[in-house]
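**Q** Quick one, what's the 3D model for this:
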Amino acid sequence: MGVILLVAGIGLCAAWVSALLSRKEYASTAVVGVHQAPAVCSVYDTPTRADFEMIRSEAVLADVIATLDLNELWGKKYNHGQSLSDARIEAMLRMEIRRMRKTPFIQITVFNVDPVEAATLANAISHSFRDFKTEEVKRLSKQGADPFDRFPRVDIVKTAVPGTQPVLPNYYLVTAMLGLGVFLTIGGIVYLKNSEA
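**A** All right, here's what the predicted structure looks like:
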């Protein structure tokens with residue numbers, strides 16, 4: 001039992017050191033509103049699963065990548081100066097999308113080691129999503145549909161700003177991890193000494 005406590009304690013202390021040495025990440029959030037047309041709206045306008053999928057879609061992200069020239073920029077930063085493919089950049093992009101409960105608002109949060117870049121990316125994604133939806137309405141209108149009665153309007157509700165405090169590592173969790181690691185280590189040592197006596 002003492003050995004188990006000792007190993008667990010040392011493991012938690014090692015994890016604490018690893019967490020402290022890991023890179024800091026910042027989060028920036030842009031908010032978009034998806035407002036249904038009057039003919040189809042309910043008490044709460046509701047973004048659909050298709051809206052969430054569209055934000056993550058290749059069409060929306062390809063526009064962001066091209067606008068910010070991420071192929072070259074991230075190629076220089078992360079790939080020894082070699083241009084990165086769109087697919088590779090999409091895989092590297094850390095993003096969280098969630099609906100604000102009982103509202104027509106979608107939060108687009110981007111995580112990045114650079115707080116300014118996180119905000120730039122979140123804003124670019126929200127603008128690309130809005131523009132894509134606008135173009136979709138125009139295209140359907142040209143095809144003879146009456147899209148303004150059927151399709152939602154997207155507005156930028158809140159622009160992302162650079163975060164001032166890192167969200168990773170979580171210092172509260174890291175501190176708790178160290179405390180528990182020290183407690184288990186001491187407990188293991190005491191248990192082993194008592195069992196030898």
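**Q** how much space between Asp114 and Leu73?
**A** As for Asp114, its distance to Leu73 is 11 Å (criterion: CB to CB, to the nearest Å). Where you see a C-beta, it was placed from the backbone N, CA and C, and this is true even at glycine.
**Q** just Leu5 next, same as before
**A** As for Leu5, its distance to Leu73 is 49 Å (criterion: CB to CB).
**Q** out of the two, which sits in the busier spot?
**A** Leu5 (19 against 15; other CB atoms under 10 Å).
**Q** Just the buried residues of stretch 72-86, please?
**A** 74-75, 84 (16 or more other CB atoms under 10 Å).
**Q** Among these, which lie within strands?
**A** Among the buried residues of stretch 72-86, DSSP state E puts none in strands.
**Q** mind putting those in CSV, distance to Val64 and pLDDT included?
**A** Converted to CSV, the buried residues of stretch 72-86 look like this (distance: CB to CB, whole Å; pLDDT from 0 to 100):
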residue, distance to Val64, pLDDT
Trp74, 12, 94
Gly75, 16, 94
Leu84, 14, 94
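**Q** which one of those is nearest Ile108?
**A** Nearest to Ile108 among these is Trp74, at 19.0 Å by CB to CB.
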